[in-house]
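Q: generate coordinates for the sequence data below:
(one chain, ligands or ions: 1)
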Amino acid sequence: MDYKSVIAKNLSVISNLPEEQIMKLIEIPPQKGMGDYAFPCFALAKSMRKAPQMIASDLALEASLTENGVFEVKNVGPYLNFFIDRSSYAKDIIASINEMGFCYGSSDIGNGQNTIVEFSSPNIAKPFHVGHAFTTVLGNSLSRIYDKLGYNVIRMNHLGDYGTQFGKLITAYRLWGDEAALNEDPIKELLRIYVKFHDEAKNDESLEVSARENFKKLEDGCEEEVLLWQKFRDESLVVFNKLYSRIGVEFDNYNGESFYSDKIPAVVDMLREKNLLEESEGAQVVRLDDEKLPPCIILKSDGTTIYASRDLAAVLYRLNEYNFNKNIYVVGIPQELHFKQVFGVLRKAGYKCADDCVHVGFGLVKFKNMKFSTREGNIVLLEDLLDEAVKKTREVIEENAKQRGQDMSEKEINEIAEKVGIGSVIYTYVKSGREKDIVFSWEDMLNFNGNSAPYLMYTYARTRSIIRKAEEAGLKPTSDKDVIATLTSDDEYEVISNLASFEGAVKKAAEIYEPFVISRNIFETASSFNSFYNNCRILGEGVDKTTSEARLALCEAVCNTLKSGLNLLGIETVERM
Ligand code: ARG
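A: Next up, the predicted model:
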């Protein structure tokens with residue numbers, strides 16, 4: 001139940017103020033003693049022609065009657081303070097979460113509308129580094145969030161598989177390529193010959209000429225060049241897909257830049273027909289002065305197309321194919337201007353869908369006290385980061401298991417370390433607002449007591465183990481609402497109010513394209529659950545059956561919420577660790 005809107009609805013009836021306005025005015029008081037929600041009555045002073053204090057005292061009486069047992073209402077100065085009735089709150093929240101299970105947080109507000117999430121989009125023949133992982137993790141999470149809210153999500157990987165560099169690669173491969181090496185480690189071999197091309201081209205002009213010719217042949221669809229390009233693309237995708245499956249990411253569509261190249265002439269015609277194309281220094285551009293943006297180049301002076309024209313063709317293709325209600329691009333902040341220009345051109349050409357296109361930017365990736373054997377120049381590869389995280393996690397898990405006397409097989413430890421290690425990397429990307437630069441540090445990532453994936457996964461595993469232990473003692477989480485209604489202590493109430501805010505957090509995360517809203521929410525749930533766990537016994541001596549079973553229901557609700565939340569972030573859970 002959304003308690004805030006219950007208050008708004010009732011207040012609206014007795015005050016004549018529109019519900020939405022009341023929603024905006026309702027506050028969460030800074031101190032617990034002031035209630036769970038507060039409504040400042042200043043906004044009513046004018047229409048009711050009374051001092052806010054008076055209004056508060058008059059409304060408190062009326063409101064108490066309408067709230068019908070869900071709230072106690074008190075007036076304090078110009079404020080109306082609402083105190084949730086803890087019994088009915090516990091009953092309502094815990095019972096509905098446990099009925100939904102891991103689906104908790106889902107809704108049908110999306111109504112099956114088509115939402116495109118474009119993410120990852122690496123350049124083929126290049127190493128997959130930690131920056132690509134940022135878009136991949138964010139986009140995967142946003143896809144899951146929109147899916148959970150009932151949208152029909154189309155996951156697109158707009159591969160960078162087009163451009164003059166492929167002419168260079170074809171030339172280089174013919175001169176120095178090694179097929180066996182390409183099959184063995186495609187990206188490494190392609191990078192090797194690409195670097196060699198640039199070294200050699202410094203002293204040999206004919207190389208650039210040959211590269212241009214090969215690119216032209218590729219564009220014209222010449223068979224041999226297309227076959228080589230296809231091979232580079234396929235082999236790169238094998239490597240990328242291995243990484244994707246390791247971190248649990250899937251796509252519906254891999255139409256890269258190349259896919260749109262033959263759709264550009266139609267875009268150029270359309271812009272020309274609408275009189276939007278102008279010549280500037282030999283190039284064809286669309287002016288965007290009204291939007292205070294630099295002109296968007298559509299065709300270069302030599303008639304070749306550029307990145308922006310391929311993106312324009314892509315939007316129109318997507319509109320035609322999916323009639324999207326939203327088209328989201330998860331791409332780094334440095335490309336902000338590019339997307340503003342693309343959307344600006346669309347708007348100028350009269351496409352209303354321009355307003356449904358969103359660029360979701362993100363910051364840079366940094367490292368604190370971490371050394372990697374940077375295999376490929378100065379960049380850190382995602383694979384190396386994952387391997388190292390898994391290795392370090394395994395050490396911690398082995399140590400913990402030894403200390404607790406847990407018997408775990410080598411296989412089980414490996415499986416847990418893989419999931420927790422990967423989780424720790426994913427979590428770092430979604431732990432803070434996406435526009436901030438993120439800093440990887442082993443201390444933070446693997447801090448089993450801090451805001452980290454291991455902490456959340458451990459808390460989940462703890463709830464599971466409590467429920468398993470209870471079963472052995474013949475106890476189970478209750479679904480009896482009157483029993484659940486006994487969960488009213490401060491510790492219990494704190495957990496329940498965090499659990500209750502999860503649904504809103506999922507919606508908010510979608511609204512502002514910030515998985516971080518969810519990570520913060522479930523971290524708070526986990527923290528409050530752990531203090532509850534330290535302060536209140538769930539099982540064992542001195543706890544009667546009813547209390548045990550009520551607390552087990554709370555435990556189960558935490559378990560459901562954490563699993564649902566972690567899943568939305570792209571993180572798997574483990575049953576014990
Ligand atoms: N391949 C590009 C890069 O690595 C990102 C593509 C972003 N998507 C787009 N529709 N332009 O920088």
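Q: quick one: contacts for the residue most central in space within the chain?
A: Closest to where the C-alpha atoms of the chain average out (Cα atoms, centre = their mean) is S141, at 3.2 Å. By Cβ atoms under 8 Å, 6 or more residues apart in numbering, the residues touching S141 are 430, 515, 518, 568-570. In short, each C-beta sits where N, CA and C put it, glycine included.
Q: just the ones in helices from these, please.
A: 430, 518, 568-569 (DSSP state H).
Q: looking at these, which one is closest to the ligand?
A: V430 (19.7 Å; Cβ to the nearest ligand atom).
Q: three-state assignment of C296?
A: Classification of C296 by DSSP: H, G, I helix; E, B strand; the rest coil places it in strand.
Q: hmm, back to that, generate a PyMOL selection restricted to the buried subset of the ones in helices among the contacts of S141.
A: Only the buried entries of these go into this PyMOL selection, using 16 or more other Cβ atoms under 10 Å:
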select buried, resi 430+518+568+569
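Q: okay, the ones in helices among the contacts of S141 in CSV with pLDDT next?
A: Formatted as CSV, the ones in helices among the contacts of S141 follow (pLDDT from 0 to 100):
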residue, pLDDT
V430, 98
I518, 98
L568, 98
L569, 98
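Q: can you redo the ones in helices among the contacts of S141 as TSV with distance to the ligand?
A: Formatted as TSV, the ones in helices among the contacts of S141 follow (distance: Cβ to the nearest ligand atom, whole Å):
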residue	distance to the ligand
V430	20
I518	24
L568	23
L569	22
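Q: which two among the ones in helices among the contacts of S141 are spaced furthest apart?
A: The largest separation in the ones in helices among the contacts of S141, counting by Cβ to Cβ, is between V430 and L568 at 9.4 Å.
Q: between the two, what contacts are shared?
A: With Cβ under 8 Å, 6+ apart as the test, V430 and L568 both reach 141, 515, 518.
Q: quick one: name the residues of the stretch 101-250 of the chain near the ligand.
A: 118, 121-123, 158, 160 (Cβ under 6 Å from any ligand atom).
Q: among those residues, name the ones in strands.
A: E118 (DSSP state E).
Q: farthest-separated two in the residues of the stretch 101-250 of the chain next to the ligand?
A: Maximum distance among those (Cβ to Cβ): 14.6 Å, for E118 and N123.
Q: the two: which has the busier surroundings?
A: A side-by-side neighbour count of E118 and N123, using other Cβ atoms under 10 Å, places E118 first with 24 against 17.
Q: who touches the more buried one in this structure?
A: 139, 156-158, 327-331.
Q: and the two most separated of the residues you listed?
A: N157 and N327 (14.4 Å).
Q: R49: how many residues sit nearby?
A: Residues near R49, counting by other Cβ under 10 Å: 9.
Q: what about it, distance to the ligand?
A: 57 Å (Cβ to the nearest ligand atom, to the nearest Å).
Q: again with A389
A: 23 Å.
Q: any idea what sits nearest that residue, other than its immediate chain neighbours?
A: The spatial neighbour of A389 that comes closest, neighbours along the chain excluded (Cβ to Cβ, 6 or more residues apart in numbering), is G421 at 4.1 Å.
Q: could you report the neighbour count for the one you found?
A: The burial count for G421: 26, using other Cβ under 10 Å.
Q: with R551 as the reference, measure out to it.
A: G421 sits 32 Å away from R551, going by Cβ to Cβ, to the nearest Å.
Q: got it, and N498?
A: On the measure of Cβ to Cβ, N498 and R551 end up 16 Å apart.
Q: and if you look at S564?
A: 20 Å.
Q: neighbour-wise, which of those two wins?
A: A count of neighbours by other Cβ under 10 Å puts R551 above the other of S564 and R551, at 27 against 22.
Q: show me where pLDDT drops low in this protein?
A: Counting by pLDDT under 70, the chain has low-confidence residues at 1, 64-69, 373-377.
Q: look up phi and psi at V360.
A: Dihedral pair for V360: phi -100, psi 100, per degrees, to the nearest 10.
Q: list the contacts of it.
A: Contacts of V360 (Cβ under 8 Å, 6+ apart): 138, 142, 328-331, 434, 513.
Q: where does the stretch 301-450 of the chain come near the ligand, residue by residue?
A: 311, 329, 331.
Q: quick one, strands of the chain?
A: Using DSSP E, strands in the chain cover 37-40, 71-76, 79-84, 114-118, 152-156, 277-280, 283-288, 293-299, 326-330, 357-360, 365-367, 438-440.
Q: now distance to E524 too, for those strands, in TSV please.
A: As requested, the strands of the chain are exported to TSV (distance: least, Cβ to Cβ, whole Å):
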stretch	distance to E524
strand 37-40	18
strand 71-76	23
strand 79-84	17
strand 114-118	26
strand 152-156	27
strand 277-280	53
strand 283-288	43
strand 293-299	40
strand 326-330	26
strand 357-360	24
strand 365-367	26
strand 438-440	20
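Q: give me the number of residues near whatever residue of the chain ends up closest to the ligand?
A: The ligand sits closest to G160 of the chain, with a gap of 3.2 Å, by Cβ to the nearest ligand atom. G160: 17 surrounding residues under other Cβ under 10 Å.
Q: the one 10 residues further on too?
A: Under the neighbour criterion other Cβ under 10 Å, I170 is assigned a count of 24.
Q: which ones are touching it?
A: 211, 214-215, 218, 225, 228-229.
Q: what sits against the nearest residue to it once chain neighbours are set aside?
A: Of all residues not flanking I170 in the chain, N214 sits nearest, at 4.2 Å (Cβ to Cβ, 6+ apart). N214 makes contacts with 166-168, 170-171, 225, as judged by Cβ under 8 Å, 6+ apart.
Q: any chance of CSV for the residues you listed, columns distance to T525?
A: Shown next, in CSV, are the contacts of N214 (distance: Cβ to Cβ, whole Å):
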residue, distance to T525
F166, 49
G167, 54
K168, 52
I170, 54
T171, 57
E225, 56
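Q: show me where the stretch 451-577 of the chain has its helices.
A: Per DSSP state H, counting those that start in this stretch, the stretch 451-577 of the chain carries helices over the ranges 453-472, 481-484, 490-500, 502-512, 516-535, 545-569.
Q: just checking, what packs against the fifth one?
A: Counting contacts by 3 or more Cβ pairs under 8 Å, 6 or more residues apart in numbering; DSSP states H and E, the secondary-structure elements packed against helix 516-535 are helix 410-430, helix 453-472, helix 490-500, helix 502-512, helix 545-569.
Q: at 10 Å what do you get?
A: helix 130-148, helix 410-430, helix 453-472, helix 490-500, helix 502-512, helix 545-569 (3 or more Cβ pairs under 10 Å, 6 or more residues apart in numbering; DSSP states H and E).
Q: and of those, who's closest to D289?
A: helix 502-512 (30.0 Å).
Q: okay, the angle between that closest one and helix 545-569?
A: With axes from the mean of the first three to the mean of the last three Cα atoms, to 10 degrees as the basis, helix 502-512 and helix 545-569 are set at 10 degrees to each other.
Q: hmm, back to that, determine which two of the contacts of N214 are furthest apart.
A: K168 and E225 (12.1 Å).
Q: what sits in contact with each of these two?
A: 214-215 (Cβ atoms under 10 Å, 6 or more residues apart in numbering).
Q: what is the burial count for the residue nearest to K4 when sequence neighbours are not counted?
A: In this structure, K4 finds its nearest non-sequential neighbour in I26, 5.6 Å apart by Cβ to Cβ, 6+ apart. With neighbours defined by other Cβ under 10 Å, the count for I26 comes to 18.
Q: correct me if wrong: I26 contacts N81.
A: No. Applying Cβ atoms under 10 Å, one finds I26 not in contact with N81, separated by 11.0 Å.
Q: who touches both of these two?
A: With Cβ under 10 Å, 6+ apart as the test, I26 and N81 both reach 37-39.
Q: nearest to P127, of those?
A: Y37 (51.4 Å).
Q: enumerate every residue touching L299.
A: 264-265, 268, 271, 277, 279, 282-285, 305-306, 309.
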